[in-house]
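*Asks:* What follows is a predicted protein model with its sequence.
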Amino acid sequence: ATTLKSMAAAVDEEVETNSQRSLLLSALASGNIPSLKDVVGAVPAALKEGPLAQECLACVKAISVMDAFAEQSAELTQMHSEVKNLHQRLASAQHAADHAQKALRSAEDKFATEMAAQHSGPSSELGIRSMQQETRINELQ
């Protein structure tokens, strides 16, 4: 009877170990971090320290890796958003710079035209008056 009970206990322990191993592997394969944490947390301490020690350590490491990946993915998404925002700001600044450059060229052209008008206007007018005066003087002589 004692042998039968010990054999039944060993079978029950083996069934429990295999059942827990299957749950761990299924949760690990799912890639669902919260589910995997729950399953690892529910494994009895005797199995965590005994026959399922390696499986539990592997699952804890997988949780750590997946958490790090999720964090890095979130950081990368944030950086991508910031880069996109910077590109938009750069395009806006480039547009404003182009507009300012056109306005500057227009102002320079206007200034050059006004300066040319000032220099050509009075000097050519003076030249005409001077010629008219010389003609008048010649006529009077």
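*Replies:* Happy to help now that I have it.

*Asks:* Give the other helices and strands that the lowest-mean-pLDDT helix or strand in the chain contacts.
*Replies:* Considering only helices and strands, the least confidently modelled element of the chain by mean pLDDT, DSSP states H and E is helix 53-140, at a mean of 87. When contacts are defined as 3 or more C-beta pairs under 8 Å, 6 or more residues apart in numbering; DSSP states H and E, helix 53-140 sits against helix 2-30, helix 33-42. Where C-beta positions appear, they are placed from N, C-alpha and C, glycine not excepted.

*Asks:* separation between Ile63 and Ala70?
*Replies:* Going from Ile63 to Ala70 by C-beta to C-beta, to the nearest Å gives 10 Å.

*Asks:* do Leu24 as well
*Replies:* On the measure of C-beta to C-beta, Leu24 and Ala70 end up 20 Å apart.

*Asks:* Compare these two (neighbour count), which wins?
*Replies:* Leu24 (22 against 11; other C-beta atoms under 10 Å).

*Asks:* and the more buried one, what does it touch?
*Replies:* The contact partners of Leu24, by C-beta atoms under 8 Å, 6 or more residues apart in numbering, come to Val39, Val40, Val43, Leu52, Glu55, Cys56, Cys59.

*Asks:* what's the spacing between Ala93 and Leu86?
*Replies:* With distances defined as C-beta to C-beta, the gap from Ala93 to Leu86 amounts to 10 Å.

*Asks:* Thanks a lot, catch you later.
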